[in-house]
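**Q** sequence and computational prediction follow.
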Amino acid sequence: MLNRFKDFIKSKLKSVKSSNLKDVKIEGITKRWLINIIGVIAVILVIAFITATVGIKGYYYNTAESIVKSGASESAVKYFKNNLDAGYSLEASAADYIDSYPYKTRTTLWIIDSDGNVILSSSGFKIEKQDMPDYNDAMTKAGGISKFIGKAENGEKIMAVSRAITDSGGIEIGAIRVMTVIDEIDNQIRTLSFLMALAFIFVMGIIFYSNRFFIRSIITPVKEINEATKLIASGNLDVRIEKQYNDEIGDLSDSINTMATEIAAADKMKNDFISTISHELRTPLTSIKGWGETLTLGNSDDVDELTRKGLQVIVKEASRLEGFVEELLDFSRLQSGRMTLRLTKTDVLAELMETLFTFTERAMREGYSVKYNIPDNPSVTNADPNRLKQVFMNILDNALKYSRPGSSIFVKAEFIKKDEKNFVKILIVDQGCGISAEDLPHVKEKFYKANMSVRGSGIGLAVTNEIVNLHGGSLDIDSVEGKGTMVSITLPVEEIFEQGEGEKGK
């Protein structure tokens, strides 16, 4: 019955462990908690269990030993010695001693002669001669007493104490051997040890689950705070953390919410300032550029050469500032979510060719060559043609700015299928200075400039990436420092037509 009970408890513990602990993620704070708290408690409980088990075993064994030794006491030896001196034989003295022996129900008493023969037993049965280590030790060692714990010849585990019987001359003429079966004692010790183990496991379970609930009350809010701060860092300033506890974690949530609110207010102020100043700058720049062009194209006889060159510089720089202002306005629209597309049926590659036509003339004037391979097939999609041209021109302008004079810029377009959808992929490759591995992941971020020696605001690529995303496409950049950069623009199209490519370039 006891064994069946043990098996039942073990099976229940195993099922609870497999069902409730398999979802516990051992990482981070939980890992440190398990090692520093639960690990220490587990070690303490194991030490307490071992100590208690050893103590219980010692108590039971000491009790059994005291009972056994009481049957083979010095007074018993003195009794036999006095009888022998009075002329009684060892057998007669043994019969009288066994008749008066008080522990017959709990122990077995043997009287053994000097040859190792059991001449009388308290059980009344005849005992054959057998191996008795304690008897042999008691007959030979000083003090004349020895203890033995081990298996008897019948297979039972016993505790035996033998004490030598001597005559008045000190000669060993036999021994008293008292034995008790300790199998039942061991069963009781195992039962108590098992119950203590159950109690320790129960206590450990209570500690584990109560601490697990506590640790979750920390980890869950911390994870939420971590996710919220990542969203805030990525630019989502509308994120707020729900305050769950009126403690340090709750105060941290309030602080982060306040920080996000203040950052959002500062960001709005910055965007409003950029939008306002851009609009304010655009009007005078347009006037400066217009009058500069007018004066440049006027009667050449009325303008000397120095004035004409000055007017050309004014027009050129005004155009550059006008482009910068347009980038700021696009950035303002991007930040406020007001960047929209005027969609219409558009041939993507036709817009690319128009941009290349304008760009190639400029590149040739500055000492660069442009080579391109563009299919003649239609590439129709819903798109904003002006924004597409802005994308192409920004990428080509970057390729020109970061390239060495005399180098080439390569442009290639091809139709591809991805996830059962049709796309046109445009590759723009330069032979410029390239981008370092450290800077490459950040080049599409707002105001990030990998090369500070080249003019530019650091806004254009961020705006370009957003325009491509609004068209449902993707913009990828691959670069090797010192060798060049490849920009890949992938845009969806309605249908892939049979390709017909022609090599072009200047």
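**A** All right, it came through fine.
**Q** give the residue farthest from the middle of this protein.
**A** Residue farthest from the centre of the chain, counting by Cα atoms, centre = their mean, is residue 87 at 88.4 Å.
**Q** okay, and residue 161 sits in which element?
**A** strand 157-166 (DSSP states H and E).
**Q** taking strand 157-166 as reference, get the angle to the lengthiest helix in the chain.
**A** Of all the segments of type helix in the chain, defined by DSSP state H, the longest one is helix 183-233. On the basis of axes from the mean of the first three to the mean of the last three Cα atoms, to 10 degrees, helix 183-233 is oriented at 140 degrees to strand 157-166.
**Q** which helices and strands sit right next to helix 183-233?
**A** helix 2-20, helix 28-33, helix 39-71, helix 248-296 (3 or more Cβ pairs under 8 Å, 6 or more residues apart in numbering; DSSP states H and E). Using the backbone N, CA and C atoms, a C-beta is placed for each residue, glycine as well.
**Q** and if we set it to 6 Å?
**A** Judged by 3 or more Cβ pairs under 6 Å, 6 or more residues apart in numbering; DSSP states H and E, the packing partners of helix 183-233 are helix 39-71.
**Q** ok, and what's touching whichever helix or strand comes after the helix it packs on?
**A** Following helix 39-71 in sequence order, the next helix or strand is helix 74-85 (DSSP H and E). When contacts are defined by Cβ atoms under 6 Å, 6 or more residues apart in numbering, helix 74-85 is touched by residues 93, 163, 165, 167-168, 176.
**Q** tell me the buried residues in stretch 418-433?
**A** 422-433 (16 or more other Cβ atoms under 10 Å).
**Q** cool, stretch 274-286 as well?
**A** Here stretch 274-286 shows 274-275, 278, 281-282, 285 as buried, counting by 16+ other Cβ under 10 Å.
**Q** report the distance from that stretch to the chain centre.
**A** Computed by Cα atoms, centre = their mean, to the nearest Å, the chain-centroid distance of stretch 274-286 equals 50 Å.
**Q** per-residue confidence averaged over it?
**A** For stretch 274-286, mean pLDDT rounds to 76.
**Q** now do the contacts for the closest residue in space to residue 151 that isn't next to it in sequence.
**A** In space, and not counting its chain neighbours, residue 151 is closest to residue 157: 5.8 Å by Cβ to Cβ, 6 or more residues apart in numbering. Residues near residue 157 by Cβ under 6 Å, 6+ apart: 151, 182-183.
**Q** who wins for neighbours among the contacts of helix 74-85?
**A** residue 165 (29 neighbours; other Cβ atoms under 10 Å).
**Q** my read: it touches residue 177, true?
**A** No. In this structure residue 165 lies outside contact range of residue 177 using Cβ atoms under 6 Å: 10.5 Å.
**Q** and residue 413, what helix or strand is that in?
**A** Using DSSP H and E, residue 413 falls in strand 408-418.
**Q** list of residues touching that strand?
**A** Applying Cβ under 6 Å, 6+ apart, the set of residues contacting strand 408-418 is 349, 369-374, 399, 423-430, 496.
**Q** before we move on, the earlier item: tell me how far the residue nearest to residue 151 lies from residue 179.
**A** Going from residue 157 to residue 179 by Cβ to Cβ, to the nearest Å gives 11 Å.
**Q** for residue 405, same thing?
**A** Residue 405 is 110 Å from residue 179, by Cβ to Cβ.
**Q** comparing the two, which shows the higher neighbour count?
**A** Neighbour count, other Cβ under 10 Å: between residue 405 and residue 179, residue 179 has more, with 24 against 7.
**Q** which residues does the more buried one bridge with?
**A** residue 108, residue 160 (DSSP bridges).
**Q** assess the claim that it and residue 156 are in contact.
**A** No. The criterion here is Cβ under 6 Å, and residue 179 misses it with residue 156 at 9.4 Å.
**Q** who touches both of the two?
**A** With Cβ under 6 Å, 6+ apart, residue 179 and residue 156 have no common neighbours.
**Q** next, give phi and psi for residue 73.
**A** The phi/psi pair for residue 73 (degrees, to the nearest 10) reads phi -80, psi 170.
**Q** that one and residue 60, how far apart?
**A** Relative to residue 60, and taking Cβ to Cβ, residue 73 is found at 21 Å.
**Q** and for residue 467?
**A** 86 Å.
**Q** comparing the two, which residue is more hemmed in?
**A** Neighbour totals were compared for residue 467 and residue 60, and residue 467 leads with 22 against 17 (other Cβ under 10 Å).
**Q** which residue ranges of the stretch 301-450 of the chain form strands?
**A** 344-347, 369-375, 380-383, 408-418, 421-430 (DSSP state E, counting those that start in this stretch).
**Q** for the ones you listed, give me a markdown table that also has mean pLDDT.
**A** A markdown table is the format used below for those (pLDDT from 0 to 100):
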| stretch | mean pLDDT |
| --- | --- |
| strand 344-347 | 92 |
| strand 369-375 | 91 |
| strand 380-383 | 91 |
| strand 408-418 | 92 |
| strand 421-430 | 93 |
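**Q** show me the one of these that comes nearest residue 315.
**A** Of all the strands of the stretch 301-450 of the chain, the one in closest proximity to residue 315, counting by Cβ to Cβ, is strand 369-375 (24.4 Å).
**Q** how many degrees apart are that closest one and strand 408-418 in direction?
**A** 20 degrees.
**Q** rewinding a little: turn the contacts of residue 157 into a markdown table, columns for pLDDT and neighbour count.
**A** Listed next are the contacts of residue 157 as a markdown table, based on pLDDT from 0 to 100; neighbours: other Cβ atoms under 10 Å:
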| residue | pLDDT | neighbour count |
| --- | --- | --- |
| 151 | 89 | 9 |
| 182 | 89 | 21 |
| 183 | 89 | 11 |
